[in-house]
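Colleague: Have a look at this prediction, sequence included:
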Amino acid sequence: MTGAPPEPIVVDARGLRCPLPVIELAKAARDVPAGTVLTVLTSDPAARHDVPAWSRMRGHTLVAIVLAEGLPGSAETLAITVRTEA
């Protein structure tokens, strides 16, 4: 019997510049179980490339990169979601 999936984690890195969004995401992902979904909110355009590269290097799965509409101050905010793997 398997347990419930881990709760999703949101890392708010809006206003931080490279490399800080990836560093904050890596901190959040450090001790979570495989299958955890993490979403980083970022206003740093470089994160569109940095987060997928970090995800590949760590063996995690990139789930989505979307414009985070509907969030305060979200005109240029991306929501980048990854799922941790074993």
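Modeller: Nice, I can see it.
Colleague: Tell me the helix or strand right after the lengthiest helix in the chain.
Modeller: Longest helix of the chain, by residue count under DSSP state H: helix 47-58. Once the chain leaves helix 47-58, the next helix or strand it forms, by DSSP states H and E, is strand 61-67.
Colleague: now that next one: mean pLDDT?
Modeller: Averaged over strand 61-67, pLDDT sits at 96.
Colleague: Can I get that strand in CSV? Just the C-alpha atoms.
Modeller: C-alpha atoms of strand 61-67 as CSV (Å, rounded to 0.1, in the frame of the first residue of the first chain):
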residue,chain,number,x,y,z
THR,A,61,11.5,15.9,-14.2
LEU,A,62,10.5,19.3,-15.6
VAL,A,63,6.7,19.4,-15.4
ALA,A,64,5.8,22.9,-16.7
ILE,A,65,6.8,26.4,-17.4
VAL,A,66,3.9,28.8,-17.5
LEU,A,67,3.2,32.5,-17.1
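Colleague: Contacts made by it with the rest, please.
Modeller: By CB atoms under 8 Å, 6 or more residues apart in numbering, the residues outside strand 61-67 that reach it are 37, 48, 51-52, 55-56, 74, 77-83, 85. For glycine as for every other residue, the C-beta is placed from the backbone atoms N, C-alpha and C.
Colleague: what comes up buried for the longest helix of the chain?
Modeller: Residues Ala47, Asp50, Val51, Trp54, Ser55 are the ones in helix 47-58 that count as buried (16 or more other CB atoms under 10 Å).
Colleague: ok and whichever strand or helix holds Pro21 relative to helix 47-58, angle-wise?
Modeller: For Pro21, the host element (DSSP H and E) is helix 20-29. Relative orientation of helix 20-29 versus helix 47-58 (axes from the mean of the first three to the mean of the last three CA atoms, to 10 degrees): 40 degrees.
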